[in-house]
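Student: quick one: sequence and predicted model below, then my questions.
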Amino acid sequence: GQSLEQPSEVTAVEGAIVQINCTYQTSGFYGLSWYQQHDGGAPTFLSYNALDGLEETGRFSSFLSRSDSYGYLLLQELQMKDSASYFCAEARSGTYKYIFGTGTRLKVLA
Amino acid sequence: DTAVSQTPKYLVTQMGNDKSIKCEQNLGHDTMYWYKQDSKKFLKIMFSYNNKELIINETVPNRFSPKSPDKAHLNLHINSLELGDSAVYFCASSPSPGGNTQYFGPGTRLTVL
């Protein structure tokens, strides 16, 4: 089954800040990626963390804490177009496996 | 300009039929993948090829057979289709195996009646 857990749904208003959490299993952990998927669309890459700390890309930032087996995606200045599903994905060393999280559906309200 | 392309985009077929989905990437990547996304939006890896060699084969019914004629192409053939095969199938590629940045095709929505 899935080894990366995310909240199933998050709702926020335009202009707000929202954090989407992801917890993962540590065995063979190599790095954590984030993807965005709009309804009817394909997943698109947002960011990747291999080391602890914050990676910032415009309005989106991603954070990783290896000691806590935890990461999050932070979306700032929310816009209606940010309404989508967000997936964390774990790269595992030695197996080439790439495991996606359960996904979080973000709804941005006007 | 399309990086990862798949055909067809939609596939509607009867139970028991055999069908194929084709995927091509023009990114020069070594590794390609097939994923299945079910109605609950779980994305699950099925297969991965690196330079035409199979490197990941998850527990998938042997009715599913991937084929990589070259590193830019990865096709998926499905025999004896079942109702439970209905899903969206995504092809993806990355520069190297277990790639942390994967580029996805637009998906093929398969409906088995």
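Tutor: Perfect, I can see it now.

Student: helix or strand for the one residue sitting closest to the centre of chain B, which one?
Tutor: Chain B has residue B:34 as the residue nearest its centroid, 3.1 Å off, counting by Cα atoms, centre = their mean. Using DSSP states H and E, residue B:34 sits within strand B:31-37.

Student: next SSE downstream of that strand?
Tutor: Counting by DSSP H and E, what follows strand B:31-37 is strand B:43-50.

Student: which residues are in contact with that following strand?
Tutor: Here strand B:43-50 makes contact (Cβ atoms under 8 Å, 6 or more residues apart in numbering or on different chains) with A:43, A:87, A:96-100, A:103, B:30-38, B:54-58, B:60, B:64, B:66, B:68, B:71, B:74, B:76, B:90, B:96-97. For the C-beta atoms, the positions are set from N, CA and C on the backbone; glycine is no exception.

Student: quick one, what contacts residue 67?
Tutor: Reading this off chain A. For residue A:67, the contact set (Cβ under 8 Å, 6+ apart) comprises residue A:52.

Student: should've been chain B
Tutor: By Cβ under 8 Å, 6+ apart, residue B:67 lies in contact with B:74, B:75, B:76, B:77.

Student: could you flag which of the residues you listed are buried?
Tutor: With neighbours counted using 16 or more other Cβ atoms under 10 Å in any protein chain shown, those contain these buried positions: B:74, B:75, B:76.

Student: tell me which of those residues fall in strands.
Tutor: Counting by DSSP state E, the part of the buried ones among the contacts of residue B:67 found in strands is B:74, B:75, B:76.

Student: any idea which of the residues you listed is closest to chain A?
Tutor: residue B:74 (14.7 Å; Cβ to the nearest Cβ).

Student: how about that closest one, nearest residue that isn't a chain neighbour?
Tutor: Leaving out its chain neighbours, the residue that sits closest to residue B:74 by Cβ to Cβ, 6 or more residues apart in numbering or on different chains is residue B:32, at 4.0 Å.

Student: relative to residue A:96, how far out is the one you found?
Tutor: 12 Å (Cβ to Cβ, to the nearest Å).

Student: those two - which one has more neighbours?
Tutor: Neighbour totals were compared for residue B:32 and residue A:96, and residue B:32 leads with 29 against 19 (other Cβ atoms under 10 Å in any protein chain shown).

Student: ok, now which ones touch the closest residue to residue B:90 other than its chain neighbours?
Tutor: Counting by Cβ to Cβ, 6+ apart, residue B:90 lies nearest to residue B:35, which is 4.5 Å off, once chain neighbours are set aside. Contact analysis of residue B:35 by Cβ under 8 Å, 6+ apart lists A:100, B:43, B:44, B:45, B:46, B:89, B:90, B:91, B:92, B:104.
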